[in-house]
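J.: Quick one, fold the following:
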Amino acid sequence: MSIAYTIAGFSVGAIVGLTGVGGGSLMTPLLVLLFGINPSVAVGTDLLYAAITKAGGTLAHGMKGTVDWAITRRLAAGSIPAAALTLLLVSQFAPGGIDGAAALIKTSLGVALLLTALAIVFRKQIQTYALRHTGGQENPRRTAILTVITGAVLGVLVSISSVGAGALGVSALFFLYPRLPTLRIVGSDIAHAVPLTLVAGIGHWFLGSVDWSLLGSLLIGSLPGIWLGSHISTRVPDRVLRPILATMLVLVGSKLIAA
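T.: Numbers count the residues shown, from 1 in each chain. This next block holds a predicted model:
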């Protein structure tokens, strides 16, 4: 186990604890750009890393009653089949299997990071727009169908790049459920991320793109990092943290796309 991986896990864990997003958005690019990890291995390892760390968050939110399990089930109904199908198609049609899809993974990751940055910056505007255009005429059936479709899109994106289940998922839920309390949206999205990242991570494991030693090193650092970040989050203004995170994502995403 490398102490550098543990430090990286701690740093990303602290940021996730502070901001609520950034696990896949930061960890995967760190592994690719800083440590030179193969993109497919970075994505596969990060997916299992996310599943384990977010399981703790789901437990906490579930005990507080801030998870809407109906929303979580709708998202999972779209995301899990989409993730499984995406990995199957990559393994069958990408030259050289998952390793042959390295270029596709890097480009997808870069695009996903840019979208995540936009979602972070404009999250309040997205929520306001949705509230303004519903006009009190919400259609539960339409919302349920759109939630499943949103889950499918996240399933494809997360299985290829490990990014999207956090900020993009939350932003989509803000748009679909503008009257739902923020804490309940966050809790539902975290709960959905656990089965999605677990299924996608297991798929990458079968494809041979998970480094278990790396995963252990990351978890040793991330678990105390998340604990620390969550405890000091109330002292740092959200308006300061989110622009910083968005700027980081734009820089990293642009570098991956141009690479």
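
J.: Buried residues in the one helix or strand residue 78 maps to, which are they?
T.: In the assignment (DSSP states H and E), residue 78 maps to helix 69-93. By neighbour count with 16 or more other CB atoms under 10 Å, helix 69-93 contains the buried residues 71-76, 78-80, 82-84, 86-87, 90-91. Any C-beta I mention is one placed from the backbone N, CA and C, and that applies to glycine too.

J.: Strands of the stretch 101-250 of the chain, residue ranges please.
T.: Under the criterion DSSP state E, counting those that start in this stretch, the stretch 101-250 of the chain contains no strands.

J.: Tell me, please, where in the stretch 51-200 of the chain the pLDDT is lower than the cut-off.
T.: For the stretch 51-200 of the chain, residues meeting the criterion pLDDT under 70 lie at 94-102, 134-138.

J.: if we can go back for a sec, which helices and strands does the helix holding residue 78 pack with?
T.: In terms of contacts (3 or more CB pairs under 8 Å, 6 or more residues apart in numbering; DSSP states H and E), helix 69-93 is packed against helix 140-161, helix 182-206.

J.: With mean neighbour count and distance to residue 119 added, can I get those in a markdown table?
T.: Listed next are the helices and strands packed on helix 69-93 as a markdown table, based on neighbours: other CB atoms under 10 Å; distance: least, CB to CB, whole Å:
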| stretch | mean neighbour count | distance to residue 119 |
| --- | --- | --- |
| helix 140-161 | 20 | 12 |
| helix 182-206 | 23 | 12 |
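
J.: So residue 146 is in contact with residue 173, correct?
T.: No: counting by CB atoms under 8 Å, residue 146 sits too far from residue 173 to count as a contact (10.5 Å).

J.: Thought residue 46 was touching residue 210, still the case?
T.: No: Residue 210 sits out of contact with residue 46 when judged by CB under 8 Å, with a separation of 9.6 Å.

J.: More neighbours: the two, which one.
T.: Under the criterion of other CB atoms under 10 Å, the comparison of residue 210 against residue 46 puts residue 46 first, with 33 against 22.

J.: tally of neighbours for the residue lying closest to residue 168 once chain neighbours are set aside?
T.: Nearest residue to residue 168 in three dimensions, chain neighbours excluded: residue 119, at 5.2 Å (CB to CB, 6 or more residues apart in numbering). By the criterion of other CB under 10 Å, residue 119 has 22 neighbours.

J.: Quick one: residues contacting residue 119.
T.: Neighbour list for residue 119: 126, 167, 168, 170, 171 [criterion: CB atoms under 8 Å, 6 or more residues apart in numbering].

J.: Swap in 7 Å and give it another go.
T.: If you count contacts by CB atoms under 7 Å, 6 or more residues apart in numbering, residue 119 has them with 167, 168, 171.

J.: ok, the residues you listed vs residue 214, which is closest?
T.: Nearest to residue 214, judged by CB to CB, of these is residue 167 at 24.1 Å.

J.: mean confidence score for stretch 243-259?
T.: Here stretch 243-259 scores 80 as its mean pLDDT.

J.: right, and residue 174 touches residue 123 too?
T.: Yes: between residue 174 and residue 123 there is a contact at 6.5 Å, judged by CB atoms under 7 Å.

J.: Comparing the two, which residue is more hemmed in?
T.: More neighbours surround residue 174 than the other of residue 174 and residue 123, with 24 against 19 (other CB under 10 Å).

J.: Can you report how many residues lie near residue 63?
T.: 9.

J.: relative to helix 69-93, how tilted is the one helix or strand it maps to?
T.: Element membership for residue 63 (DSSP H and E) is helix 39-64. Orientation note: helix 39-64 sits at an angle of 170 degrees relative to helix 69-93 (axes from the mean of the first three to the mean of the last three CA atoms, to 10 degrees).
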